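**Q** Sequence and predicted structure are below.
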Amino acid sequence: MYNKLNERSIKDPPSIKYKDYVMNDADKLAQKVARKMLSDEGTGPAWGLSYDDGGEGWAQVSFRVKADMLNGHGTIHGGMLFALADTALAYACNSRNNRTVAQQASIAFLSPVEMGEKVMATAREEALQGRSGVYNVKLTGEDGRTVATFQGLSRAIRGHVIDLSKIPLPKTKNKKDA
């Protein structure tokens with residue numbers, strides 16, 4: 001969870017980057033994990049995917065629809081929307097730096113998306129119990145309309161996305177030094 005001046009909860013992450021919240025260490029780690037995952041994958045960069053924001057238990061990604069993403073009707077292929085939502089899910093469920101994969105997902109398509117439109121996917125953790133998590137992802141068009149909803153079930157596997165033993169810890173002050 002992150003500490004914000006406007007007191008939003010993890011269930012209600014910002015849909016845009018807010019300047020009125022202070023990230024805690026868990027949110028900073030979540031952002032490092034997402035950026036590491038994006039840099040290690042070939043799909044996101046190929047689609048022009050952007051990691052827009054995130055924190056512990058949530059993530060927001062987007063891309064602009066290109067010609068090679070269209071179906072035979074001239075709108076975005078459903079598989080591309082699924083992939084965008086799945087990517088948001090991946091960054092949200094790995095946000096605690098525990099390697100986690102999707103084990104089940106479903107999507108409901110609600111509105112067509114045209115070429116050139118920006119689509120945003122915001123994943124939110126709804127439940128986390130043991131190694132399993134449930135996430136809802138809302139996909140919106142540039143005008144704010146909901147274009148699809150997605151639900152995914154995650155499962156933690158072994159290991160970490162980032163090896164924290166190779167990252168130096170911040171220096172802390174002794175009480176005497178304060």
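**A** That came through fine.
**Q** Does residue 99 touch residue 155 like I think?
**A** No: when contacts are counted by C-beta atoms under 8 Å, residue 99 is not listed as touching residue 155 (10.0 Å). Yep, even glycine has a C-beta here, placed from its N, CA and C like the rest.
**Q** mind checking the SS state of the residue most central in space within the chain?
**A** In the chain, the residue lying closest to the centroid (C-alpha atoms, centre = their mean) is residue 59, at 2.6 Å. For residue 59, the assignment made with DSSP: H, G, I helix; E, B strand; the rest coil gives strand.
**Q** partners of it in the sheet?
**A** residue 54, residue 123 (DSSP bridges).
**Q** Quick check: beta-bridge partners of residue 50?
**A** Beta-bridge partners of residue 50, as defined by DSSP bridges: residue 62.
**Q** any idea how far residue 44 is from it?
**A** Separation of residue 50 from residue 44 (C-beta to C-beta, to the nearest Å): 9 Å.
**Q** between those two, which one's more packed in?
**A** Between residue 50 and residue 44, counted using other C-beta atoms under 10 Å, the more crowded position is residue 44 (21 against 15).
**Q** Was I right to think the more buried one contacts residue 38?
**A** Yes: using C-beta under 8 Å as the test, residue 44 is close enough to residue 38 to be in contact (5.0 Å).
**Q** what touches both of those two?
**A** Listed contacts common to residue 44 and residue 38 are residue 51; contacts here mean C-beta atoms under 8 Å, 6 or more residues apart in numbering.
**Q** For this protein, give me the ranges with low pLDDT.
**A** 1-23, 167-178 (pLDDT under 70).
**Q** Longest strand in it, please.
**A** Scanning the chain for the strand with the most residues, using DSSP state E, yields strand 146-160.
**Q** and residue 95, helix, strand or coil?
**A** Applying three-state DSSP: residue 95 is coil.
**Q** next one: residue 27
**A** helix.
**Q** Number of residues surrounding the residue nearest to residue 153 when sequence neighbours are not counted?
**A** Closest residue in space to residue 153, ignoring its immediate chain neighbours: residue 104 at 4.3 Å, by C-beta to C-beta, 6 or more residues apart in numbering. Burial of residue 104 is recorded as 10 neighbouring residues (other C-beta under 10 Å).
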